[in-house]
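Asks: Need coordinates for the below:
(chains A and B)
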Amino acid sequence: MNILYLNAIGLAGPGLPNWATTRSVLAQGRNPDLPDDVAYVPQLLPPNERRRATPAVRQAFRAAEDAISATEQPAPLFATVFASSDADLSVSHRINTALATPQRAVSPTDFHNSVHNAAAGYWSIATGCREPSTAVGGYDGSFAVGLLEAATQVASDGLNVLMVAYDVIAPAPLLDKRRLSCAASIALVLSPKPEPYSLCQVRVSLARNVETRLPDSALENLRLSNPALRGLPLLCLLARGEVGHVALPYLMDRSLRVEIAPV
Amino acid sequence: MKPLTISHYTVTTACGHGKDALLDALRRGSTGLRAERFESCTLDCWIGQVDGLNQPLPPIHAAWDCRNARLLALALRQDGFLEAVAAVRARYGADRVGLFLGTSTSGIHQAELAYRQREADGALPAWFDYERSQSIHAATDLASRLFGLSGCSLTISTACSSSAKVFAAAARAIRSGVCDAAVVGGVDSLCLTTLHGFNSLQLISSEICRPADLKRKGISIGEAAGFAILDPQANSNLALLGYGESSDAYHMSNPDPEGRGAEQAMRSALERAGATPADVDYINLHGTGTRANDLAEDRAVVNLFGAATACSSTKGWTGHTLGAAGMVEAAIALLCIEHGFMPMGLNRQQPDPQLGAHILAETHPAKIVRVLSNSFGFGGSNCSLLFGRCV
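Replies: Residues are numbered from 1 along each chain as shown, chains lettered A, B, ... in the order given. As a prediction, the model looks like this:
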């Protein structure tokens, strides 16, 4: 695949309020564990949509807004890839709970929020973006699945792509079946040509390498706590500003090799 | 783009197992929809149910067993498709054949059943395997094992455009060298979430769905699965000629009444193929049977094509198969090209005078070179595919 350019990074998770303030701590390979704005209000959502948007949509917006604010281009110019293992399990929990009662009164808002592409839909409404958008999932490999799809769109169709990986906490009783113990999101802005503000070159390829683990145990626990944070080794590498590569978990026994080089 | 050859395809809907059953139903004008109730559903409506899904998966795949997985496993054995995938795998290697599947609700019906059996403390029953049923990636995971594929693998879930978008994603992956050939497909099975969910939005018709009819009352939900092999080296005269994707940027569950996103997707599919509106012989509409869809799509079609191009929705046969609709209608487009006919707008009794597009009143033979197929979904996710005969 062709070389891509990474132009901006967005991050949100427990102790990870945004990319700018966590970067220097991640560069040292430590868990930033900074104070967190738990009541984050998406800046771009109009009031109606803000009221209806689920916690998963807000989580996706948080990293997406963090990344977009670091680019010099308006949000409507980007095609989007939203990658999530489970989107919003609280929505399916409420629907399934309603369906287990004789009345079966499914909330219409829950139903329209239950689609896996809810975040993509809200984003296009919020930004007025009519560019292609997609929503993909690959369980614990969702970050790598999303990054490969984004990279393919950049390389093949020449699109500027905003990739957002996100997942949120699973509600009881689903938490016993799906360990999602925190809410987190990572966003990357990719382009086919270098921009004046490009951070680095990126090359991705499928491989069978052992996934890159993080030496710091707190950071490694964070990596395993949410499918979006499987992208943390890449962010640590980017924070250090180094040339190098990481292997991110893809599907079954495969990994996505992500190689970073200067622009 | 260079036409991407399609070497094999198969489809299973309420009209029957395999593509011959659907071809026969299309030609005879006989619907697969029936006025019956799915499982414990309490709604009086018509549904497109696939027969033969009562047997559990064999023990080796028991962990994935759910209605969606059974439908997937049944559908991929029709029309010699599994054998065709084996041949492609042998030719390129298992790591070089990509797998791209669309689904909107995956195996959510398994979760619906599990929620009826919660323990006293609220816990879900031990038999419920979230990862291999409800998870959006579950069907793709099972399909990769059944097909023996280990290349790139993608699950797209963009509501009712899901399995149209897999064609675009696969074409990109082949062009950029991520894989050499691809299996694409879609699978969505009946569940209470969509039946009662669409009912909560007052979009379920009590009668059989009547797209483009003045007295339409909404959608009839169906289930379906289908697959195709995209192989640039295949010796076939069927091909994907273009794809176009867009977002409405309008509303989560209503289409933009101006149809701007829909028009952009159709225009983009034509441009990518180097085709003009006059090159399209037939448009398979998204045509769900809701008034909002009919009016918005009609506006987009008439803006781009004028009022002469032959169009119809085939959801009167299959029902709206949601995440599988893109694949089902891709298969219908290919059947129309291969067998030279255009299907009518089934179940339409009284044409809606507000619609300007040329909706076919009769199914008739025709030499067809190019078919455009539309799939639009919640969240304003639009995808148009242009299929054609390679010349």
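Asks: how far away is the spatially most central residue of chain B from chain A?
Replies: By C-alpha atoms, centre = their mean, chain B has its centre lying nearest to B:Ala325, at 2.0 Å. As judged by C-beta to the nearest C-beta, to the nearest Å, B:Ala325 and chain A stand 14 Å apart. In this view, the C-beta of every residue, glycine as well, is placed from N, C-alpha and C.
Asks: residues touching that residue, list them.
Replies: For B:Ala325, the contact set (C-beta atoms under 8 Å, 6 or more residues apart in numbering or on different chains) comprises B:Cys160, B:Ser163, B:Ala164, B:Gly186, B:Asp188, B:Ala224, B:His286, B:Lys315, B:Thr318, B:Ser375.
Asks: go again using 10 Å as the cut-off
Replies: B:102, B:104, B:159-164, B:186, B:188, B:222, B:224, B:226, B:286, B:288, B:314-315, B:318-319, B:373-377 (C-beta atoms under 10 Å, 6 or more residues apart in numbering or on different chains).
Asks: how deep is A:Arg178 tucked in, by neighbour count?
Replies: Neighbour count for A:Arg178, taken as other C-beta atoms under 10 Å in any protein chain shown: 16.
Asks: tell me which element it is part of?
Replies: A:Arg178 belongs to no helix or strand when assigned by DSSP states H and E.
Asks: Surely it and A:Asp86 touch.
Replies: Yes - between A:Arg178 and A:Asp86 there is a contact at 6.2 Å, judged by C-beta atoms under 10 Å.
Asks: Quick check: neighbours shared by these two?
Replies: The contact lists of A:Arg178 and A:Asp86 share A:Tyr139, A:Asp167, A:Ala170, B:Tyr130, B:Glu131, B:Gln134, B:Ser135, where a contact means C-beta under 10 Å, 6+ apart.
Asks: Where is pLDDT lowest across those?
Replies: Minimum pLDDT across those is recorded for A:Ala170, with 95.
Asks: Let's verify that one: helix, strand, or coil?
Replies: Of the three states, A:Ala170 takes coil according to DSSP: H, G, I helix; E, B strand; the rest coil.
Asks: need the contact list for it.
Replies: A:85-86, A:88-90, A:92-93, A:176-181, B:130.
Asks: Over to A:Gly137?
Replies: With contact set as C-beta under 10 Å, 6+ apart, A:Gly137 has these partners: A:82-87, A:116, A:145-146, A:167, A:227, B:103, B:106, B:135-138, B:140, B:154-157.
Asks: Out of the residues you listed, which sit inside helices?
Replies: Judged by DSSP state H, the subset of those located in helices is A:Val145, A:Gly146, B:Ala138, B:Thr140.
Asks: Report the two of those separated the most.
Replies: Distances among the ones in helices among the contacts of A:Gly137 were taken as C-beta to C-beta; the most separated pair is A:Gly146 and B:Ala138, at 17.6 Å.
Asks: what's the distance between the residue in the stretch 101-250 of chain A that chain B sits nearest to and B:Asn254?
Replies: Closest approach between the stretch 101-250 of chain A and chain B, counting by C-beta to the nearest C-beta: A:Gly121, at 2.5 Å. Remark: distance between A:Gly121 and B:Asn254 (C-beta to C-beta, to the nearest Å) = 11 Å.
Asks: more neighbours, these two?
Replies: Neighbours per residue (other C-beta under 10 Å) separate A:Gly121 from B:Asn254, with A:Gly121 holding more: 32 against 16.
Asks: Whichever strand or helix holds the more buried one packs against which elements?
Replies: Assessed by DSSP H and E, A:Gly121 sits inside helix A:118-127. Applying 3 or more C-beta pairs under 10 Å, 6 or more residues apart in numbering or on different chains; DSSP states H and E, we find helix A:118-127 packed against helix A:47-52, helix A:55-68, strand A:79-83, helix A:108-113, strand A:133-137, strand A:161-167, strand B:238-247, strand B:381-389.
Asks: Reformat the ones you listed as TSV; add distance to A:Gly13.
Replies: Listed next are those as TSV, based on distance: least, C-beta to C-beta, whole Å:
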stretch	distance to A:Gly13
helix A:47-52	21
helix A:55-68	9
strand A:79-83	15
helix A:108-113	22
strand A:133-137	19
strand A:161-167	10
strand B:238-247	27
strand B:381-389	27
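Asks: Quick check, the residue in the stretch 251-391 of chain B closest to chain A?
Replies: B:Gly379 (2.5 Å).
Asks: shouldn't that residue be in contact with A:Val115?
Replies: Yes - assessed by C-beta under 10 Å, B:Gly379 is found in contact with A:Val115 at 5.8 Å.
Asks: intersection of neighbour lists for the two?
Replies: Residues touching both B:Gly379 and A:Val115 by C-beta under 10 Å, 6+ apart: A:Gly121, A:Ala135, B:Thr158, B:Ala159, B:Cys160, B:Met252, B:Ser253.
Asks: In strands, which of those appear?
Replies: Counting by DSSP state E, the part of these found in strands is A:Ala135.
Asks: residues from the stretch 251-391 of chain B in reach of chain A?
Replies: B:251-254, B:256, B:260-261, B:264-265, B:268, B:272, B:322-323, B:377-383 (C-beta under 10 Å from any C-beta of the partner chain).
Asks: Go again with 8 Å.
Replies: Listed as neighbours of chain A in the stretch 251-391 of chain B under the rule C-beta under 8 Å from any C-beta of the partner chain: B:His251, B:Met252, B:Ser253, B:Arg260, B:Gly261, B:Gln264, B:Gly377, B:Phe378, B:Gly379, B:Gly380, B:Ser381.
Asks: among the residues you listed, which two are most distant?
Replies: B:Ser253 and B:Gln264 (19.6 Å).
Asks: ok, now which ones touch B:Thr5?
Replies: B:Thr5 neighbours (C-beta under 8 Å, 6+ apart): B:Leu230, B:Asp231, B:Pro232, B:Gln233, B:Ala234, B:Asn235, B:Ser236, B:Leu238, B:Ala239, B:Cys390.
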